[in-house]
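>>> sharing a sequence plus its predicted fold:
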Amino acid sequence: MEAAGGGRAAADTLAGDPEVLQVDAETYYEKLLKKSSSIPDIFSIPGGEEVKLEDSCVCFVPLYRNNPTCKMLLLTDPKDKETVLAVYLNQCWWPVEDVLKTADPSRDGLISVQTFRERIVLFVLNYIIFGMLEGSSANDAFFLPHSATECAKILWRNGEAVAFYSVKMKGSLCDGTTSQCYLLPVLDTIFVRRKYRRDGLGMKMLHDFCQSFMAEDALGISCPISAAMYQVCQKFLQTYPEEQKRLWEVEAPGDWSQRVNIWLKIQMESSPSGKAEEGSHIENAQTSKPRQSDVDQMNETIEYIPGVGKVAGGDTEKKDDTAAAGTLNSQGPEQEDLEQGASNTQQCKGFRKRTGPGGLVGDKATKQFRIIP
């Protein structure tokens, strides 16, 4: 079986029905199991390498955080189970990079995620690219997909999905275990792909977020905010001083007692007295724990194929962009900003910490993958 790309753009040809996607993936997997004793099909990776399509190299992962019935079938490298090679869509395997491409000239700039096809693109950007390759330097990071109704925008450039941000809307539930609702719009996740960094896209998305809620007196950014995100906020608020009173670092649901004005905090931490507290602030934020409800929910919905995947550990290729993903980090401001990478501004929703070497919060193993560059 060849790679499905062949010059076509996956974002333009994906099936628009989630039920069809699910049935196709399950049917294919059943056939793969039956063929385990015969000669396997071959998947050609862009670049010439060939991979045998065997059941030991595939796994199902939920497309949405809150919907375990809709899953994506992923192909992993048999030599490195942490590497995702392709996604099964439209009855064939698509290299990960091809899923993000479009030939539609109207897909340019920031576009709201509305269709099922766009949900798949958001999943690949967030869960695979952001969470596994171009994300945090924390080797034990575990990223969750967005919910099925997540308010998000994808930034398209040069026929490719290159960035995204998501928002928790005012009045939406904070999570599935409480009746509390967000009291203001909150920028929750934001990410720019590595090859498109240092081009002002982080600033562009932050400005779009503020412009989308002009009637609101206060806007939030999920706590804790990374050092990289603070750099972008500082540059943004210096460029648009009229927003200085509106942007707040917030904890859900965003009551006044759960807000800190970002501009004020930047000014305080740039003062001699503020710098003395900066180190402790970063250290404390790094150790904050994910919501157990998110962790438990994801554990219940991921289906693992025996022998596929493992918890990433040891040295990785991510050392050069530790501010690029969704964890708070202690890098100095000279190393990264959001244009270099991006930050998942809410650490609690994006990952889970190990309790010790080899140990994880929760009672099930988790997997990570990275993408072939």
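Arrived safely.
>>> and the helices in the stretch 151-300 of the chain, which stretches?
Using DSSP state H, counting those that start in this stretch, the helices assigned to the stretch 151-300 of the chain run over residues 201-211, 227-239, 262-270, 272-286, 292-301.
>>> mean pLDDT lowest where, among those helices?
Looking at the helices of the stretch 151-300 of the chain, the lowest mean pLDDT belongs to helix 272-286 (a mean of 41).
>>> so who does the residue nearest to Val113 when sequence neighbours are not counted touch?
Nearest residue to Val113, sequence neighbours excluded (CB to CB, 6 or more residues apart in numbering): Ala152, at 4.5 Å. Placement of C-beta: from N, CA and C, glycine included. Shown here is Ala152, whose contacts under the criterion CB atoms under 8 Å, 6 or more residues apart in numbering are 112-113, 122, 146, 164-167.
>>> could you do Leu219 as well?
Leu219 sits next to 184-187, 209-210, 213, 246-248 when contact means CB under 8 Å, 6+ apart.
>>> just those now: which is nearest Thr177?
Comparing the contacts of Leu219 against Thr177 with CB to CB places Val186 closest, at 17.9 Å.
>>> which of the contacts of Ala152 count as buried?
Using 16 or more other CB atoms under 10 Å as the burial test, the contacts of Ala152 include 113, 122, 146, 164-167 as buried.
>>> by pLDDT, rank those residues and give me the bottom one.
Minimum pLDDT for those is recorded at His146 (92).
>>> ok so, going back, tell me what the residue nearest to Val113 is bridged to.
Ser166 (DSSP bridges).
>>> strands paired with the helix or strand harbouring Lys71, and their directions?
Element membership for Lys71, per DSSP states H and E: strand 67-77. Here strand 67-77 has these sheet partners by DSSP bridges: strand 58-64 (antiparallel), strand 80-89 (antiparallel).
>>> can you say which of these is nearest to Ala227?
Of all those, it is strand 80-89 that lies closest to Ala227, at 27.0 Å by CB to CB.
>>> next, the buried residues of that closest one.
Residues of strand 80-89 classed as buried: 81-89 (neighbour count, 16+ other CB under 10 Å).
>>> now pLDDT too, for these, in CSV please.
Shown next, in CSV, are those (pLDDT from 0 to 100):
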residue, pLDDT
Lys81, 76
Glu82, 75
Thr83, 79
Val84, 86
Leu85, 87
Ala86, 92
Val87, 93
Tyr88, 94
Leu89, 92
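>>> now flag whichever of those residues is closest to Pro95.
Ala86 (5.4 Å).
>>> what residues are up against that closest one?
Residues in contact with Ala86 (CB under 8 Å, 6+ apart) are 3, 43, 74-75, 93-96.
>>> mind checking pLDDT for the closest residue to Ala252 other than its chain neighbours?
Leaving out its chain neighbours, the residue that sits closest to Ala252 by CB to CB, 6+ apart is Cys174, at 4.2 Å. Cys174 carries a pLDDT value of 90.
>>> and the gap between Cys174 and Pro224?
When distance is defined by CB to CB, to the nearest Å, Cys174 is 16 Å away from Pro224.
>>> those two - which one has more neighbours?
Neighbours were tallied for Cys174 and for Pro224 using other CB atoms under 10 Å; the higher tally belongs to Pro224 (22 against 19).
>>> I'd say Asp24 and Gln91 touch.
Yes: Asp24 lies in contact with Gln91 (CB atoms under 8 Å); the separation is 5.3 Å.
>>> neighbour count: those two, which is higher?
Neighbours per residue (other CB under 10 Å) separate Asp24 from Gln91, with Asp24 holding more: 18 against 13.
>>> around Asn261, how many other residues sit close by?
As a burial measure, Asn261 scores 16 neighbours (other CB under 10 Å).
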